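Undergrad: only geometry, no sequence info:
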Ligand code: DOR
Ligand code: ZN
């Protein structure tokens, strides 16, 4: 198959190229045409590498009233993602090999894009981790959705020693003791936790990855240790406590939204981030009224940034690096993250001119609400190819 008439973001610039796809991979990137191949008219769209979201909560099994592998991956594809990494904090958390296998089985029947899995750390599942050999381990240090929580530093240290040092341990870094003692979850709780884990990681000489950083200071503390990578979620760059009135009961998220001054400073320092993980955390509106933490983000994560690109506030290089090549490197995902000969044909086709307004009732996520409802966007995902198969075209799904 040959994709013609597209603008491809390659080596830091937009180039008119044709892409030859064979057996789900990019076979060639060429200038001219080829005879005898099935042709796709790329309609002059911008082609970027399929996005990778390393931080999503797809809720299956156990909380499929919020989301499941089908609705969650539909939301992913509509948002430009061809790969997502699912978090382990299900009602019955992913903390044994058996539960990991159960998830893989469910996802392989229902997911419409590629899904990988983080494994949960508990106070005593060291043997299970060695048996399951997951690609990443999640340690949750501050109370959030579910019952995975490790506050004891000795246990964290044991996991840091036990788990393969070349694979990332993802940390939800908020100091639970600080939050309980001070009865609030301000940025100090995050700074303290990041300080603790990065010092520990340095002592043991291992990789760690800090999830959802919410202030520049967390990054600066973490980056004192060279094997520490950092992620943030769109809501810490696009929302702050200033939006609390508008968000009403929808506002809760862990870590909580920060003061506007932190958000503004964070935006100016986005180059310090290694990657974006949306922390797609769907809950029903009823549950949100009850205080549930998290925002659905899969359909807005890329769109928020491509809209900023249209305004000149962020580059295509930044977007593709933080949302594709860098998550692939951090999480050891092979043949993904770049448009390159021999890599999987994971591609997204973007209409940069499309102006649209987010209507939450039209979202693919099962929870059908968004903190960005009514926001205006410029630029929209028009098509998505995953391993050579067109899954989405002209804003419609081609798979069931
Ligand atoms: O807001 C959040 N929601 N933060 C988390 O750490 C977990 C997530 C969820 O699973 O609901
Ligand atoms: Zn999360």
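TA: In hand now; what should we look at? Remember, it's a predicted structure, so these values are computed and weren't measured experimentally. Numbering: from 1, shown residues only. Ligands and ions are numbered 1, 2, ... in the order given.
Undergrad: tally of neighbours for residue 342?
TA: Neighbour count of residue 342, defined by other C-beta atoms under 10 Å: 9. To be clear about C-beta, it is placed using only N, CA and C from the backbone, and glycine gets the same treatment.
Undergrad: Which residues of the stretch 51-200 of the chain lie near ligand 1?
TA: 57, 89, 144, 145, 172 (C-beta under 6 Å from any ligand atom).
Undergrad: Show me those residues that map onto strands.
TA: Per DSSP state E, strands hold the following members of these: residue 172.
Undergrad: Distance to residue 374 added to the residues of the stretch 51-200 of the chain next to ligand 1, as TSV?
TA: As requested, those are arranged in TSV below (distance: C-beta to C-beta, whole Å):
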residue	distance to residue 374
57	24
89	30
144	28
145	26
172	30
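Undergrad: so where's the stretch 301-400 of the chain shaky on pLDDT?
TA: Of all residues in the stretch 301-400 of the chain, none has pLDDT under 70.
Undergrad: what ranges do the helices span in it?
TA: In the stretch 301-400 of the chain, the helices defined using DSSP state H, counting those that start in this stretch lie at 301-310, 316-320, 326-330.
Undergrad: Out of the ones you listed, which is closest to ligand 1?
TA: Nearest to ligand 1 among the helices of the stretch 301-400 of the chain is helix 301-310 (14.4 Å), distances taken as C-beta to the nearest ligand atom.
Undergrad: just to revisit the earlier point, of all pairs in the residues of the stretch 51-200 of the chain next to ligand 1, which one is the farthest apart?
TA: With C-beta to C-beta as the measure, no two of these lie farther apart than 57 and 172, at 11.8 Å.
Undergrad: Against residue 14, how distant is the closest residue to residue 12 other than its chain neighbours?
TA: Nearest residue to residue 12 in three dimensions, chain neighbours excluded: residue 317, at 5.5 Å (C-beta to C-beta, 6 or more residues apart in numbering). Noted for residue 317: a distance of 11 Å to residue 14, by C-beta to C-beta, to the nearest Å.
Undergrad: same thing with residue 192?
TA: 43 Å.
Undergrad: Who does the strand or helix carrying residue 139 pair with, and is each partner parallel or antiparallel?
TA: Under the criterion DSSP states H and E, the helix or strand holding residue 139 is strand 137-140. Sheet pairing here is set by DSSP bridges, and for strand 137-140 it gives strand 119-120 (parallel), strand 169-172 (parallel).
Undergrad: residue in the stretch 201-350 of the chain nearest to ligand 1?
TA: In the stretch 201-350 of the chain, the residue that lies nearest ligand 1 is residue 294 (3.0 Å; C-beta to the nearest ligand atom).
Undergrad: just checking, that residue touches residue 287?
TA: No: using C-beta atoms under 8 Å, residue 294 is not in contact with residue 287; the gap is 9.5 Å.
Undergrad: who has more neighbours, these two?
TA: The neighbour count for residue 294 versus residue 287, taken as other C-beta under 10 Å, is higher for residue 294 (22 against 18).
Undergrad: can you give me the strands in the stretch 101-250 of the chain?
TA: With DSSP state E, counting those that start in this stretch, the ranges of strands along the stretch 101-250 of the chain come out as 114-117, 119-120, 137-140, 169-172, 208-210, 228-232.
Undergrad: So which residues make contact with the fourth one?
TA: Applying C-beta atoms under 8 Å, 6 or more residues apart in numbering, the set of residues contacting strand 169-172 from outside is 55, 118, 121, 136-142, 144, 159-160, 163, 193, 197, 201, 206-212, 254.
Undergrad: Fine by me, thanks again.
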